[in-house]
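Colleague: Quick one, structure for this:
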Amino acid sequence: MRQIALSTVAAAALLLSACATREVDYQGEGDGFVGAGVRVQATLETPSVGTGGGEDAADDPAVWMGERPVVVMGIQTPGFVAGTDKKAGLYIYGFDGAVLQFMPEGLLNNVDAVDLSVSGRSQVVLGASDRTPGREGVSLYLFDPAGTGQNGVRPWGAIRTDVVEPYGFCFGRIGDEVHAILVGHEGEVRQFVLSADAAGQPVSREVRRFEIGSISEGCAADEATDALYLAEENVGVWRYGLAPASGDARTLIQGIETDKLVADAEGLTIIADGEARYLIGSSQGDSAFPVWRIDGAAPVYVGRFVVEDGVVDGVTGTDGLAALGGRVSDAFPEGLVVVQDDVNDVGTQNFKYIDWRVIKTALGID
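Modeller: Numbers count the residues shown, from 1 in each chain. So this is what the prediction gives:
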C-alpha cells in the first residue's frame with residue numbers, strides 16, 4: 001500500500017482551495033441551518049475522520065454487500081461502507097460503523113463500488129475521484145471477497161484524465177459493461193468503460209464527454225431506466241441518458257427551490273425497495289434530503305427528510321450519501337442510508353447510518 005506524506009497532502013489541499021474560486025455556497029456548509037422535512041434519527045455513526053486533515057474532511061460514502069460474509073482485515077462482515085477523507089484517503093467501515101481499514105491515499109473526493117470480473121472471478125472495485133496533484137482522475141481499488149486473514153482493499157490502478165479538478169464520481173452498468181462516470185468541479189463529465197485484462201489489470205476507454213455548465217458533483221446511475229442523474233450545485237438535478245449515444249440531452253427534474261432543493265445541490269444515491277427505486281439527494285443549503293421515485297416514466301417527488309438529534313447527533317450540510325436496499329444486517333433489515341455529517345458533535349466530520357424503514361415510515365412510503 002503506497003504511503004503519501006501528510007505534508008504533501010496538506011500542501012495539495014491548499015493548492016486546490018486556492019484554485020476553486022468560482023464556487024458559491026448559499027446557506028453555506030457548517031451554518032447548521034435545518035429546513036423543512038419529516039424528522040428521522042440515525043441509528044449509529046462512524047468515528048470522526050480527519051487523519052492529516054482539518055475540520056472539512058469527510059465527503060462521500062459507498063455501500064457494498066456480498067452474497068455471503070467476507071473478511072476485511074481479519075474481521076468477518078456482510079459487507080462494508082467506504083468513506084472518503086478528502087484530505088487524507090479512504091476509510092473502510094463495518095455495518096456497525098467501526099473502522100476496518102484506512103488507506104492514506106491522498107485527496108480522494110467521491111467513491112463508489114461495483115462488482116467486476118477480474119482474474120476470472122467476481123471482485124469488488126472501488127473507484128474514487130482523485131484530486132491529488134499529478135494523479136488527477138479516478139483511482140481504483142480492489143477487494144477480493146474470497147480472501148481471508150488480513151484481506152483488505154488494495155490499490156489497483158487508475159483512470160487518468162484531462163479534468164483539472166476531479167470531483168463527483170459514480171459507477172453504472174449497461175448490460176455486462178461497467179461504466180465509470182467522472183464529474184469535474186466545473187461540470188466536465190467523462191464516461192469510461194472499465195474492464196480487466198488477462199493479467200488482471202484495469203483497462204479503460206473513454207466513451208463520452210460533455211459539459212454540465214457549472215460546478216457539479218452528485219452522480220447516480222440507474223441502468224433499469226437508462227438514466228444518469230447529475231447534480232449541478234447552484235442549478236438543480238439533471239437526468240441524462242446513461243448510454244453514451246444519448247450525448248448531452250437532459251431534463252431538469254428539480255431546480256433549486258425553497259423547501260425542496262436548496263443550493264448547494266450535492267450528493268445523489270439510488271436505493272431499490274422491492275420493485276420500487278428511489279433517488280435521494282442532498283439539499284445542503286438547508287440540511288435536508290429530497291426523495292423521488294424513479295422507476296416510472298418520469299421521476300416523481302415523494303418528499304424530504306432531515307436527520308435530527310437522537311442516539312447520535314443530527315446531520316447538517318451533507319456532501320455525499322449512499323444507500324443499499326434489502327437486508328443489510330439485523331439493525332438494517334430493509335436497507336441502509338449513509339450520509340456525511342458536516343457538523344459532528346464530537347471531533348471532526350463523520351458518517352451517519354440511517355435505517356431505511358425509518359425514512360419510509362416518516363415519508364409514508366408503503
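
Colleague: pLDDT weak spots in the chain?
Modeller: Applying pLDDT under 70 to the chain picks out residues 1-32, 51-55.

Colleague: need the helices for it, in chain order.
Modeller: 6-19, 356-363 (DSSP state H).

Colleague: Select the longest strand from this protein.
Modeller: When the chain is parsed with DSSP state E, its longest strand is strand 58-72.

Colleague: Quick check: neighbours of that strand in the sheet, parallel or antiparallel?
Modeller: strand 75-85 (antiparallel) (DSSP bridges).

Colleague: Tell me the buried residues in the strand it pairs with?
Modeller: Residues of strand 75-85 classed as buried: 75, 77-85 (neighbour count, 16 or more other CB atoms under 10 Å). For every residue, glycine as well, the C-beta is placed using N, CA and C.

Colleague: And for stretch 346-365?
Modeller: Applying 16+ other CB under 10 Å to stretch 346-365 flags 348-356, 358-360, 362-363, 365 as buried.

Colleague: Likewise for stretch 257-272?
Modeller: Within stretch 257-272, the residues scored as buried using 16+ other CB under 10 Å are 260-272.

Colleague: which one of these is nearest F143?
Modeller: Set against F143, the nearest of these by CB to CB is T269 (20.0 Å).

Colleague: Just give the number of residues close to the nearest residue to G89 once chain neighbours are set aside.
Modeller: Leaving out its chain neighbours, the residue that sits closest to G89 by CB to CB, 6 or more residues apart in numbering is E105, at 4.0 Å. Applying other CB atoms under 10 Å, we find 24 residues neighbouring E105.

Colleague: Thought K86 was touching E105, still the case?
Modeller: No: using CB atoms under 8 Å, E105 makes no contact with K86, being 10.7 Å away.

Colleague: Just the CA trace of the longest strand of the chain, in CSV.
Modeller: Output of strand 58-72 as CSV, limited to C-alpha atoms (Å, rounded to 0.1, in the frame of the first residue of the first chain):
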residue,chain,number,x,y,z
ALA,A,58,-15.3,13.6,5.3
ASP,A,59,-17.0,13.8,1.9
ASP,A,60,-18.7,10.8,0.3
PRO,A,61,-19.6,7.1,1.1
ALA,A,62,-20.4,4.0,-0.8
VAL,A,63,-22.1,0.8,0.4
TRP,A,64,-21.2,-2.7,-0.8
MET,A,65,-22.6,-6.1,0.3
GLY,A,66,-21.8,-9.6,-1.0
GLU,A,67,-23.8,-12.7,-1.4
ARG,A,68,-22.1,-14.2,1.7
PRO,A,69,-20.0,-12.7,4.6
VAL,A,70,-16.5,-11.6,3.7
VAL,A,71,-13.3,-11.0,5.7
VAL,A,72,-11.9,-7.5,5.8
